[in-house]
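**Q** Structure here, sequence nowhere to be found:
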């Protein structure tokens, strides 16, 4: 029956991108939703208790009014020698339905902290792909040592550490220690799990007024608090609303962009299996347009008008060599996209400074060639696959096109039950969607000594006359970055790809640039003004 549905879908989308674009869109959104859903907004620790060795609370998580999972959080006082410490453990299990498929995401965090919230060590276990990813961190002086394990392999990294950084439940614990009052503001830094990394994020809290708040078991007068959570290095914040009682207990949260809510509840209610999900994210992941465009690789220059409810689209869409963004109002912008001239020479981009973040047109950095937890460039299987894929050509552009074609042919099994897989997992499974195409192509390019990174944005879907959220790859060829879309396998792209951001996938700060998808989900309008 599923095969018949796919064949019918193919008949409805008889263009080169066909069925793939809507489905690749859902995979990318699922990844970003996982980031938002598994962060601080879905884990609310209880107040510590002196009467019992451990205190546990439960939350039920909802998406668009439907229950999608639960969170269990436990706080326990422990002794380490003569020191009293606190162990904070949380487990979230969430399911999201997209185009008829349900994706399951599991996140477990465990941290050892001082009573004041200083982190000593932690473990994060995430399962959003075929294999669980385990991250263990330990603070030693002014350094955080992080070890990541995936598929039997481990990688160690170290970064500077600031002692004021709180743990994964830093926001809620801060409110418990010192409940906010109306019109009070507060700032803090805390750890946030992002896909297969851990990032430090800055939280800005602003308390408003107490208001009647609907809960699962009635209504209660609670203090409404606005929270902006910004992963460092991303520049993009996730908006969250929290409601707390007079004791500082967080009884409800809301992520407005995706209409995700959590409610404090009982263990029985939290573990009660959700009803079969009716809400499907399909409607939010396709942005319909009134004027049709040619297939994505046929357009040469397109001028768009974009509107974004409650935000400035000129801050979310990137300016690149092919994409020029002009602000036209507080919630509107014009975007002119010109198809890349793949065979034309280009001037060398300016070298970035030593601390510069990845930008769409920056010259490549060592991190654009290096292996990381998502792109296992030095793995023998990736190296062997890259040599097979590149063929005998020495020309960088020909190599890039050969790699794109190889990934397009190789990733054949369209399995939509996972959220995100690494390049090595894709090399093993040969399955996936746009995210898997993008990361495998990026890894193979680096294995051929071509700098690469991934791009998140939207692509035009001819069969649906809409734009769908999408991921593709940029490879540095001929002293410039050129886009390649292994999902399409055309050897080029036209002017119907809209760029939100780029990432070298080095760490969680780079991954956090993809948060822009969550910011615009269901709120974006696109109008085609001119097309060539």
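**A** Received it, and whenever you're ready, just let me know what you need. On a predicted model such as this, the values are computed, not experimentally measured, just so you know. Numbers count the residues shown, from 1 in each chain.
**Q** What strands flank the helix or strand that residue 243 is a member of, and is each parallel or antiparallel?
**A** In this assignment (DSSP states H and E), residue 243 forms part of strand 238-244. Applying DSSP bridges, strand 238-244 is found paired with strand 218-231 (antiparallel), strand 250-255 (antiparallel).
**Q** Buried residues of the first one, list them for me.
**A** Neighbour-count burial for strand 218-231, counted by 16 or more other CB atoms under 10 Å, picks out 222, 223, 224, 225, 227, 229, 230, 231. Where C-beta positions appear, they are placed from N, C-alpha and C, glycine not excepted.
**Q** Among those residues, find me the one that's closest to residue 373.
**A** Relative to residue 373, the closest of the buried residues of strand 218-231 is residue 231; by CB to CB it sits at 16.0 Å.
**Q** So, low pLDDT: which residues of the stretch 101-250 of the chain?
**A** Counting by pLDDT under 70, the ranges of the stretch 101-250 of the chain that qualify are 101-102, 128-130, 151, 195-196, 233-236.
**Q** so which of the strands paired with strand 238-244 gets nearest residue 395?
**A** strand 218-231 (38.3 Å).
**Q** State the distance from the residue of the chain positioned farthest from its centre to residue 139.
**A** Largest separation from the mean C-alpha position in the chain: residue 82, at 41.1 Å (CA atoms, centre = their mean). According to CB to CB, to the nearest Å, residue 82 stands 19 Å off from residue 139.
**Q** How is the spatially closest residue to residue 178 that is not a sequence neighbour assigned, secondary-structure-wise?
**A** Nearest residue to residue 178, sequence neighbours excluded (CB to CB, 6 or more residues apart in numbering): residue 248, at 7.2 Å. Taken by DSSP: H, G, I helix; E, B strand; the rest coil, the conformation at residue 248 corresponds to coil.
**Q** Surely residue 248 and residue 181 touch.
**A** No: if you go by CB atoms under 8 Å, residue 248 and residue 181 don't touch, sitting 10.6 Å apart.
**Q** Comparing the two, which shows the higher neighbour count?
**A** residue 248 (17 against 10; other CB atoms under 10 Å).
**Q** Next up, the contacts around the residue nearest to residue 178.
**A** Residues counted as contacts of residue 248 (CB atoms under 8 Å, 6 or more residues apart in numbering) are 47, 175, 176, 177, 178, 179, 180.
**Q** now swap in residue 409 and tell me
**A** Residues near residue 409 by CB under 8 Å, 6+ apart: residue 489.
**Q** So it belongs to a helix, correct?
**A** Yes: under three-state DSSP, residue 409 falls within a helix.
**Q** Return the distance of residue 502 relative to residue 152.
**A** Going from residue 502 to residue 152 by CB to CB gives 31 Å.
**Q** which one of the two has more residues nearby?
**A** For residue 502 versus residue 152, the count of surrounding residues by other CB under 10 Å is larger for residue 502: 25 against 6.
**Q** Whatever helix or strand that one lives in - contacts with which helices or strands?
**A** Element membership for residue 502, per DSSP H and E: strand 497-503. Under the contact criterion of 3 or more CB pairs under 8 Å, 6 or more residues apart in numbering; DSSP states H and E, strand 497-503 touches strand 332-338, strand 452-461, strand 466-477, helix 516-520.
**Q** rerun at 7 Å
**A** If you count contacts as 3 or more CB pairs under 7 Å, 6 or more residues apart in numbering; DSSP states H and E, strand 497-503 packs onto strand 452-461, strand 466-477, helix 516-520.
**Q** Redo the ones you listed as a markdown table? Include mean neighbour count and mean pLDDT.
**A** As requested, the helices and strands packed on strand 497-503 are exported to a markdown table (neighbours: other CB atoms under 10 Å; pLDDT from 0 to 100):
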| stretch | mean neighbour count | mean pLDDT |
| --- | --- | --- |
| strand 452-461 | 27 | 92 |
| strand 466-477 | 26 | 92 |
| helix 516-520 | 23 | 68 |
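**Q** what about the residue nearest to residue 232 when sequence neighbours are not counted, how many neighbours?
**A** Of all residues not flanking residue 232 in the chain, residue 200 sits nearest, at 5.2 Å (CB to CB, 6+ apart). Residue 200 has 20 neighbours, counted by other CB under 10 Å.
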